[in-house]
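Undergrad: Sequence first, predicted model second:
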Amino acid sequence: VAIVVVFQPELRRILEHFGRRKFGRLGRWLGEEGGKVNEEFIKLANVLCEACETMAHQKTGALIVIERTESLEDIARTGTILDAVVTKELLLNIFFVNTPLHDGAVVINDNKIHAAGCILPLSNSSTINKKYGTRHRAALGMSENSDALVIVVSEERGEMSFIYKRQIMTVKTANELKEKLLENLPTEVQEEQKS
């Protein structure tokens, strides 16, 4: 009983983490050979990169979360469920200033915009660079609580960031962002399949 009381926060975090796992859907991003990223994800990456590059040039803030092996249904429920096809035009409309869903994150699941206007957990990290605002803190918080890939477009600086495994990486171009998406997602899924 003493151990349960003392380690209650850690046990709760482990059980929450385990409860979000989505078994049996790990190969959705991979091709039939299991080693190549499937064409659906390449198309999704192209659309996301194109939209993010446009928003960076326009200095339109954006926060995009791509679900991987852990379910983000609890996060999606904090926003508006859309289940819409991912297009550049739709993303630009969602994040356009003063539209109803612009303030919050978009959650992408199975190549669809599952929800928009979602609230993410903020990171409590004291090491985060002071130049980063609430969007980056929310993206880092999402990275601390799940295995999701997160993209942030800063409206102040007009720069794109890629957040994964508690690391914030600034990316200069759409091609660099696409490389980050493609190199991180498939490798992790293959490792999950092996284990």
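TA: In hand now; what should we look at? All values reported here derive from a predicted model rather than from experimental measurement. Residues are numbered from 1 along each chain as shown.
Undergrad: Now do the helix or strand hosting residue 107: which elements does it pack against?
TA: In this assignment (DSSP states H and E), residue 107 forms part of strand 105-109. Packing partners of strand 105-109 (3 or more CB pairs under 8 Å, 6 or more residues apart in numbering; DSSP states H and E): strand 62-66, helix 73-76, helix 88-95, strand 112-118. Bear in mind the C-beta positions are built from the backbone N, C-alpha and C, glycine included.
Undergrad: Ok, which of the ones you listed comes nearest residue 166?
TA: strand 62-66 (14.6 Å; CB to CB).
Undergrad: ok, now which ones touch residue 151?
TA: 48, 52, 62-64, 66, 139, 160-163, 177 (CB atoms under 8 Å, 6 or more residues apart in numbering).
Undergrad: Output those residues as JSON lines; include the columns pLDDT, neighbour count and distance to residue 85.
TA: What follows is the contacts of residue 151, written out as JSON lines (pLDDT from 0 to 100; neighbours: other CB atoms under 10 Å; distance: CB to CB, whole Å):
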{"residue": "48", "pLDDT": "96", "neighbour count": "24", "distance to residue 85": "13"}
{"residue": "52", "pLDDT": "97", "neighbour count": "26", "distance to residue 85": "17"}
{"residue": "62", "pLDDT": "97", "neighbour count": "24", "distance to residue 85": "18"}
{"residue": "63", "pLDDT": "97", "neighbour count": "24", "distance to residue 85": "20"}
{"residue": "64", "pLDDT": "97", "neighbour count": "25", "distance to residue 85": "15"}
{"residue": "66", "pLDDT": "95", "neighbour count": "23", "distance to residue 85": "15"}
{"residue": "139", "pLDDT": "96", "neighbour count": "28", "distance to residue 85": "24"}
{"residue": "160", "pLDDT": "97", "neighbour count": "24", "distance to residue 85": "22"}
{"residue": "161", "pLDDT": "96", "neighbour count": "23", "distance to residue 85": "25"}
{"residue": "162", "pLDDT": "97", "neighbour count": "21", "distance to residue 85": "23"}
{"residue": "163", "pLDDT": "96", "neighbour count": "26", "distance to residue 85": "24"}
{"residue": "177", "pLDDT": "95", "neighbour count": "24", "distance to residue 85": "20"}
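Undergrad: wait, which of the residues you listed is closest to residue 42?
TA: Nearest to residue 42 among those, with distances taken as CB to CB, is residue 48, at 10.9 Å.
Undergrad: and residue 47, how many neighbours?
TA: 18 (other CB atoms under 10 Å).
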